[in-house]
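# what follows is a predicted structure for the sequence shown.
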Amino acid sequence: MEIKAYSINIPEGSLIHQEHKKIDYYDAFAVKVPSNLESPPEELIKLLLQSFPVWGKVLLKIREKIALLMGLKTARGIDVKSQILTFTGQPGESLALFHVKDRTDTEILTGENDKHLDFSLSIMGQPSHQGFEITLATTVIFNNWLGRLYFFPVKPVHKLLVPTMLERMAKKLSEKNKEP
């Protein structure tokens, strides 16, 4: 089975779909894997954070430096590896800047509110007619002109990074399933 991420609509009825009336930007990408790779959302979000490509990590380090200069929230000083070990996906928990707002059996809604913009990211895993579908949906609300300016260069990178990470997640799940 070829693993290829694709763009979809944010699933109706999902937590992220119901969260806000006004949204300035949204997208959702998904990838299908065989049904035997079904995983709960708390495992999927851990896998997501472990699926950054090298170029994505470099860009995140640049983002952290720029955000620090602009007085925005950063993940500086957060031990994400330790957080991953104890993460259960319950509201109030965090992984880096992803604070769990809500969850269901198939979805974890995370996000962060800052002075320039508020973002939400939701990871969902649901059985589908062709296996198991993993969805990553994002919403952004701009709080001021700085949010729009900040997101201008982030948007094209986001649209490349998210599908890449979903494909890497699917490959890692497949490899994990092959281990004895």
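It's in.

# what bits of this structure have low per-residue confidence?
Flagging of the chain using pLDDT under 70 yields the residue ranges 1-2, 72-80, 177-180.

# mind listing the strands for this structure?
6-7, 25-33, 94-95, 98-103, 107-113, 117-128, 131-142 (DSSP state E).

# could you dump these into TSV with mean neighbour count and distance to P163 added?
The way it works is simple: take the backbone N, C-alpha and C, and place the C-beta from them, glycine included. Converted to TSV, the strands of the chain look like this (neighbours: other Cβ atoms under 10 Å; distance: least, Cβ to Cβ, whole Å):
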stretch	mean neighbour count	distance to P163
strand 6-7	11	8
strand 25-33	20	5
strand 94-95	18	20
strand 98-103	20	18
strand 107-113	22	19
strand 117-128	21	14
strand 131-142	21	9
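
# out of the ones you listed, nearest to G71?
strand 117-128 (13.4 Å; Cβ to Cβ).

# strand partners of the closest one, parallel vs antiparallel please.
If you go by DSSP bridges, strand 117-128 pairs up with strand 107-113 (antiparallel), strand 131-142 (antiparallel).

# tell me how many other residues crowd the closest residue to S122 other than its chain neighbours.
Closest residue to S122 apart from its sequence neighbours, by Cβ to Cβ, 6 or more residues apart in numbering: I16 at 3.7 Å. I16 has 28 neighbours, counted by other Cβ atoms under 10 Å.

# assess the claim that I16 and T110 are in contact.
No - the pair I16 / T110 is not scored as a contact, 9.4 Å apart, by Cβ atoms under 8 Å.

# give me the common contacts of those two.
Common contacts of I16 and T110 (Cβ atoms under 8 Å, 6 or more residues apart in numbering): S120, L121, S122.

# export the strands paired with strand 117-128 to CSV and tack on distance to L160?
Shown next, in CSV, are the strands paired with strand 117-128 (distance: least, Cβ to Cβ, whole Å):
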stretch, distance to L160
strand 107-113, 21
strand 131-142, 13
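
# quick one: closest of those to F52.
Using Cβ to Cβ, the nearest of these to F52 is strand 131-142, at 12.9 Å.

# residue contacts, Q126?
With Cβ under 8 Å, 6+ apart, Q126 has these contacts: T106, F132, E133, T135.

# is G131 bridged to anything, and to what?
Applying DSSP bridges, one finds that G131 bridges with S128.

# and G111, by the same measure?
Applying DSSP bridges, one finds that G111 bridges with H99, S120.

# touching, it and K101? I think so.
Yes - with contact defined as Cβ under 8 Å, G111 and K101 form a contacting pair (5.8 Å).

# now do the shared contacts for these two.
Common neighbours of G111 and K101, using Cβ under 8 Å, 6+ apart, are S120.
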